[in-house]
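K.L.:
What follows is a predicted structure for the sequence shown.
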Amino acid sequence: AFFANKVEHESRHCNGKGLQRQGSSYFDRVYTANQNCGHAYPTFLAVLWCAGLLCSQAPAAFAGLMYLFVRQKYFVGYLGERTQSTPGYLFGKRIILFLFLMSVAGILNYYLVFFFGSDFEIHIKTITSAISPLLLIP
């Protein structure tokens, strides 16, 4: 909602009428940042749900909150200079990778239980809980 509101505000500020894509370079940056964030959210939601359901909810929720913070940083950085958005982008990729690996670990544990009767859920939850605070390191 913040991103869309920012695009609408900048559009009205530049053109005086409704949402039009023509405008200043600042409007183009706002619009592009909004599109980039919108295109990244479906992937984020998919891996967040899979990690939470298949592996562990607390580390997945922590990583999800961190991702929302990082996307805000990316958006604000993109409004300045494009090089300011790079740290937010790279940090977001790392969080998505962590959630993806949690999902893979949950799927592998499911198949280990199904085929061999070995359950490593406690070990996986312990590892992900220990690794999730490392996401705070830039």
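P.N.:
In hand now; what should we look at? Residues are numbered from 1 along each chain as shown.
K.L.:
What average pLDDT does the helix or strand Lys73 falls within get?
P.N.:
When secondary structure is defined by DSSP states H and E, Lys73 falls within helix 57-79. Averaged over helix 57-79, pLDDT sits at 88.
K.L.:
How about the residue nearest to the spatial centre of the chain: what's its closest non-neighbour residue?
P.N.:
Within the chain, the residue whose C-alpha comes closest to the C-alpha centroid is Tyr67; the distance, by C-alpha atoms, centre = their mean, is 4.0 Å. Counting by C-beta to C-beta, 6 or more residues apart in numbering, Tyr67 lies nearest to Ile95, which is 4.6 Å off, once chain neighbours are set aside. Where C-beta positions appear, they are placed from N, C-alpha and C, glycine not excepted.
K.L.:
who does the helix or strand where the one you found lies touch, helix- and strand-wise?
P.N.:
Per DSSP H and E: Ile95 is located in helix 86-116. With contacts defined as 3 or more C-beta pairs under 8 Å, 6 or more residues apart in numbering; DSSP states H and E, helix 86-116 has these neighbours: helix 25-54, helix 57-79, helix 121-131.
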